[in-house]
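Colleague: Okay, structure incoming, though there's no sequence with it:
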C-alpha cells in the first residue's frame, strides 16, 4: 500500500507539473484551476502515504534518501499552498511544482528499504530536528522559485516586451516581499534545526559539534541566509540581488541535502 500511495502522489504531482508548465505558454491570462486541484490531490495522497509509513515503521519516515526526498517535496507543497491562499498567484505553480516533481523523481531513484534505527537515532530529537530542517529547506526552495520569477519579470520590464506571460506574473514588489517573508520564516527554523541537532549530537555522541560535513554545510547554508538578511536590512540588498542570493542559497541547500550524503563521508548517512 505504501508504494501504491507514493506512486499515486507522484502521478498527481507529475500531472500538476506538466499543466503548470503549459500555463507558461498559454495565451489566456487566466491561470488554470486544474493545477491546484491535481497538486492538492497529490498532497493528500502523499500525506496518507507518510502517515501509513509512520505507523508501519514506528517513526517519522525520514531515514534514507528515498524518504528524505519525499518528505522534502511534501513540505514544499505545504508552503506552496499557503502562498496560493495568501497571494493567489496561479503562475507560481509553474516554478514550484517542477521542484516538487524533481524531488519525487529523485526519491524514486533511491532504495525504499528501511534499516532499523541505531540507538543514537532512537530519540525524541529525530522528529523535532528533521521537521525543523525540512520546513526550513522547503521555504528556501520556494524562495528559489520566486527568485527565478523575479529575474524573469525584471527582464521583461527592462526589455519592454510585455506579453501575456508578463501579465500573468505578480509585480516585482510582491515577489520581493514573498522572498523576504519566506527567508524570515525559514532562517529561524534552520537555526533551531542546527541547535536541536547539536543537542541531539551531545546526547548521542557526547559532543555538540564534530565538524561532520553535514554539520559544516548546514552552517555554511546558515551563513548564506544570514548574509541575505543582513545585506537586506543594512545595505538595502533587495530585488534582483536578493533574488540571486536566494538561488545561490538554495544551491547550498541542495548540496547540504544531497551532495554531502552522496559525495562525502558523514555520520548523517542515515
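Modeller: Here it is on my side, so go on. Since this is a predicted model, take the numbers as computed values, not measurements. Residues are numbered from 1 along each chain as shown.

Colleague: Show me the helices in the stretch 51-200 of the chain, by range?
Modeller: Along the stretch 51-200 of the chain, the stretches classed as helices by DSSP state H, counting those that start in this stretch are 65-87, 93-109, 125-159, 164-168, 172-205.

Colleague: And those helices, which one averages the lowest pLDDT?
Modeller: Sorting these by mean pLDDT places helix 164-168 lowest, at a mean of 72.

Colleague: if we can go back for a sec, could the helices of the stretch 51-200 of the chain go into TSV alongside mean neighbour count?
Modeller: The way it works is simple: take the backbone N, C-alpha and C, and place the C-beta from them, glycine included. Formatted as TSV, the helices of the stretch 51-200 of the chain follow (neighbours: other C-beta atoms under 10 Å):
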stretch	mean neighbour count
helix 65-87	20
helix 93-109	21
helix 125-159	21
helix 164-168	15
helix 172-205	18
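
Colleague: Out of those helices, which is closest to residue 116?
Modeller: Closest to residue 116 of the helices of the stretch 51-200 of the chain is helix 125-159 (C-beta to C-beta; 13.4 Å).

Colleague: what's the angle between the closest one and helix 93-109?
Modeller: Counting by axes from the mean of the first three to the mean of the last three C-alpha atoms, to 10 degrees, helix 125-159 lies at 140 degrees to helix 93-109.

Colleague: tilt between helix 125-159 and helix 172-205?
Modeller: Here helix 125-159 runs at an angle of 160 degrees relative to helix 172-205 (the same axes, to 10 degrees).

Colleague: Check which helices and strands helix 125-159 sits against.
Modeller: Packed against helix 125-159 by the contact rule (3 or more C-beta pairs under 8 Å, 6 or more residues apart in numbering; DSSP states H and E) you find helix 65-87, helix 93-109, helix 164-168, helix 172-205, helix 213-234, helix 239-254.
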